[in-house]
Every structure is written in structure tokens, then in C-alpha cells.
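**Student:** build me a model from this:
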Amino acid sequence: MYGPSTMVAMTELATTLGVVIHDPTPPREICFSRAGCRLHGFDWGGTGPPVLLLHGGGLTAHTWDFVCLGLRDAGRLVALDLRGHGDSGWSHDYRIDTMAADVVAAADHLGFDRFQLVGMSLGGLIAAHAADARPDRVERLALVDVAPGVDFESTRRVRAFMTGLGPVRDLETVLEAAMRVNPRADRASVAYRMSTLFRRIPDGDWVPKGDPRPPDFPAILAAIDRLADRLTGVPVLLVRGGRSRVLPQATAEHLVGRIPDGQLVVIPNAGHNVQEDNPPVLTTALRTFLTHRP
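**Tutor:** Next comes the predicted model:
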């Protein structure tokens, strides 16, 4: 939820990061249900074709806040909480195809006939499945730091950190732990992210919003290995963080070489979480891709 103080803090941080803000109006919350699971997102409005943005595993729709603030002039932006994440409900079904169907259901709920997709990491995999399942509805697809051959081992410390998240009295404790995992990260950005991953309960503790059950990583990695087969019917932009250890440059180039209509953009000064590390440059790349018309 975006109260006045949250919006002020967010817009100040976005400006510090270099984002040019076209409209500081808070987004509108959306809620709907599919197959018994409550789903949640933020409708940022904006001008242009509809764009659905999907976050990575362990993150929330808030990871797109800075990008949405800077991209409202290029599309009608809606950032979704995947099931089991953020303010969406938990589930016993986290299959990729299930979550891809959630994305299409979100478009139905919003009245979008055709739309574009932007997905980071796990969100990119889900977006690719949605585009493959509904080529009649998905116009363009931007993938952020995901491709067959990702270096899964490089995520070990982050995965251990996320698995260890639990109730805390003070979010500063979580922030300090997060900075130890990634000392190069922008502290203010990490503090903002941690504040969006937790909610406060009546006794004053902060608890993680996400489902604590571990993801099915073997199934996710197997789906990533087959990702290229899902990218044949739609224009694709692959975005790589310039200092990402998860997606090596050669791996990204190899995927783009297999896509009939694909291009690669490398965002400098960004790791795996490109949208948080360098939102202004990512925003520029997305605007160019999403607004391109043959």
C-alpha cells in the first residue's frame, strides 16, 4: 500500500537513483482471484499500450516501483504480485504454467485484449510461458537477466538469506544481513526493498509476506533450459545486468542468437536485480523496445 509518506520516500529515492518522474501519483491496488487464489497488483496507469510487469522469485511487485515512476509515458503499467509473493495469496500450486495463467487472468480482469510483458528472472520465465501460450494476446516480451545456462550456484548466498528470513523486531536487522550478502548494493534501495517484503503484525514484530516454503528449483531450472522454445512467436528483448553473475554475457548472447526476433541490451552498473540497481537506464531501454512499432 502506498501512503503519502511512502510515496514521498519512494519518489525521493527514485530521483536520487536518476529516475525522471513523469507522474508521482500513487498506483491503484488491484485484487482478483483465480482458481481459489487471491491475486494482487498495482495499476500505475500511464499512457500507451498495456504492459504487465512480473517480479523475480522472493521479490514483489514493488521491485518495479522506480521503473514504473519513470515509464508511465510509455504504457499502461501494471505490476503484479505472483502467487505466494507480496500481497497475493499462498498456494499449493506454483507451477510455471499456473502462474502464466494468472498473468493472462490479470489481463482479463483489467480488460486488456493485447498486452506486452516484462519479466525479471522467475517473472521472465513466467512471461515467456504466457507469451507462448497466448501469442494472440502478447505483443512483445522483455526478459530481465534470465536465459538457459544461468549460473544457479551464484545465487546460493541470496537463496540462503531468503530462506532464513523470519520474524524480527526491527527491519534494521534484516537490512544489515542483506548488506552483508551484497555489500555493493545501494543501502537505501535495499532498505526500501526490505520494507516491502515484510508486514507488521499486532505484537509489533515484522514477518515476511511471502510463502516460506522453498520453490521447486529443479522444475524452474528445467523450464529455463527450454526457454528458447517459448520465444519463437513474439519480439523479445533480453536485458542483462552488466555485472550480473547469474547471467554471463556469452550465455545471454547465445539465447539471443537462437531467437528469430531478439535483441540484447546490457545495463551498466547493475547486477541481477537490474530494475533496482539501475532503473533509469533500464527504463530507457524498455521505453525504446515497448514503444517500437514496425
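**Student:** after the helix or strand of the chain with the lowest mean pLDDT, next one along is what?
**Tutor:** When each helix and strand of the chain is scored by mean pLDDT, DSSP states H and E, helix 4-16 comes last, with a mean of 86. Downstream of helix 4-16, the first helix or strand assigned by DSSP states H and E is strand 28-34.
**Student:** so which residues make contact with that next one?
**Tutor:** Applying CB atoms under 8 Å, 6 or more residues apart in numbering, the external contacts of strand 28-34 come out as 1, 38-43, 45, 78, 101-102, 105-106, 109-110. (Glycine included, C-beta is placed from N, CA and C.)
**Student:** try stretch 62-70
**Tutor:** 10-11, 13-14, 17, 19-24, 27, 42, 44, 46, 53, 55-56, 77, 79, 86, 118, 120, 192-193, 196, 273, 275-276, 279-280, 282-283, 286.
**Student:** list the buried residues of it.
**Tutor:** Buried residues in stretch 62-70, defined by neighbour count with 16 or more other CB atoms under 10 Å: 62-70.
**Student:** and what of stretch 210-217?
**Tutor:** For stretch 210-217, by 16+ other CB under 10 Å, it's 210-211.
**Student:** and that stretch, how far apart are its ends?
**Tutor:** Taking CA to CA, to the nearest Å as the measure, stretch 210-217 stretches 16 Å from start to finish.
**Student:** next one: stretch 139-151
**Tutor:** 29 Å.
**Student:** phi, psi for V20 please.
**Tutor:** phi -90, psi 110 (degrees, to the nearest 10).
**Student:** the one 5 residues further on now?
**Tutor:** When quoted as degrees, to the nearest 10, the phi and psi of T25 stand at phi -60, psi 140.
**Student:** give me the neighbour count for it.
**Tutor:** A count of neighbours around T25, defined by other CB atoms under 10 Å, yields 12.
**Student:** re earlier: let's see which of the contacts of strand 28-34 end up in strands.
**Tutor:** Residues of the contacts of strand 28-34 located in strands (DSSP state E): 38-43, 45, 78.
**Student:** per-residue confidence at the residue nearest in space to the middle of the chain?
**Tutor:** Geometric centre of the chain, nearest residue: H55, 1.9 Å, by CA atoms, centre = their mean. Here, the pLDDT recorded for H55 equals 98.
**Student:** residue contacts, it?
**Tutor:** Contacts for H55 (CB under 8 Å, 6+ apart) come out as 61, 63-64, 79-82, 85-86, 120, 122-123.
**Student:** so of these, which ones are in helices?
**Tutor:** In helices, defined here by DSSP state H, the members of the contacts of H55 are 122-123.
**Student:** out of the contacts of H55, who's nearest R159?
**Tutor:** L122 (12.2 Å; CB to CB).
**Student:** the closest residue to that closest one other than its chain neighbours: how many residues sit nearby?
**Tutor:** Distance criterion CB to CB, 6 or more residues apart in numbering; nearest residue to L122, sequence neighbours excluded, is G57 at 4.1 Å. Per other CB under 10 Å, the neighbour tally for G57 reads 21.
**Student:** just confirm G57 is within a strand.
**Tutor:** No. Using DSSP: H, G, I helix; E, B strand; the rest coil, the assignment for G57 is coil, not a strand.
**Student:** distance check, T232 against V256.
**Tutor:** From T232 across to V256, the span is 13 Å (CB to CB, to the nearest Å).
**Student:** how many residues are close by V181?
**Tutor:** 13.
**Student:** want to try CSV for the contacts of H55, with pLDDT and distance to R137 as columns?
**Tutor:** Output for the contacts of H55, formatted as CSV (pLDDT from 0 to 100; distance: CB to CB, whole Å):
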residue, pLDDT, distance to R137
A61, 98, 21
T63, 97, 24
W64, 98, 21
A79, 98, 19
L80, 98, 15
D81, 98, 21
L82, 98, 19
H85, 98, 23
G86, 97, 24
M120, 98, 21
L122, 98, 21
G123, 98, 17
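**Student:** from the contacts of H55, pick the one nearest A142.
**Tutor:** For the contacts of H55, the nearest to A142 is M120 (9.1 Å; CB to CB).
**Student:** next up, the contacts around the closest one.
**Tutor:** 54-56, 59, 63, 143-146, 273-275.
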